[in-house]
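A.B. asks: need a structure here:
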Amino acid sequence: MSLTALNRFLADNLFYLLLGILLLNMLQRRERAASANKRLATFYLAVIVLAWMIGTILIVHFGLPDALQLLLIGALGFAAYHFRVQIWPFRRSCLKCGGPLSGKRILYHEANLCENCEVIPPGPGGSSEPGGPGGSTGPRGPSDPA
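C.D. replies: Okay, here's the model as predicted:
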């Protein structure tokens, strides 16, 4: 396969990769509170793929040298490496215990922690502290009146 054929293939099919990333981004909207940074990361990935797609289409349309594809990939790779913390916050293992994360945890939860390691904040009217439901564990002790 020549580089020209590869460029034509990329120009025709990078759209589907972009569509898949944007679909994932839209699916992440369901978990707004838990996945704000990861949703932004998928948007950044979509921007990189869009730039790659536009560059490839321009190379094919204007008949530019095929070596420009390598320069384009290098420039986008350098940009992705420079912003790697923002672009790729996804981890496959828990940051505390090292256990594997489920697909939902990888894509939707910011903390990159497994179910066992993630501390669940207390709900309204309840407490996860030993003081019991609704009990105050403030500086004066559990349920100590003022």
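A.B. asks: Find the residue at the geometric middle of this structure.
C.D. replies: Lys38 (3.3 Å; C-alpha atoms, centre = their mean).
A.B. asks: you'd agree it is up against Ile87?
C.D. replies: No. The criterion here is C-beta atoms under 8 Å, and Lys38 misses it with Ile87 at 10.7 Å. Every C-beta, even on glycine, is put in place using the N, C-alpha and C of the backbone.
A.B. asks: Tell me which residues touch Gly99, please.
C.D. replies: Residues near Gly99 by C-beta atoms under 8 Å, 6 or more residues apart in numbering: Ser93, Cys114, Asn116, Cys117.
A.B. asks: Make sure the last one is indeed in a helix.
C.D. replies: No. The assignment for Cys117 is coil, going by DSSP: H, G, I helix; E, B strand; the rest coil, so no helix is present there.
A.B. asks: shouldn't it be in contact with Ser93?
C.D. replies: No. Under the criterion of C-beta under 8 Å, Cys117 is not in contact with Ser93, lying 11.0 Å apart.
A.B. asks: Just give me the neighbour total for Thr42.
C.D. replies: For Thr42, the count of nearby residues is 22 (other C-beta atoms under 10 Å).
A.B. asks: I meant to write Leu76 there.
C.D. replies: By other C-beta under 10 Å, neighbour count at Leu76 equals 16.
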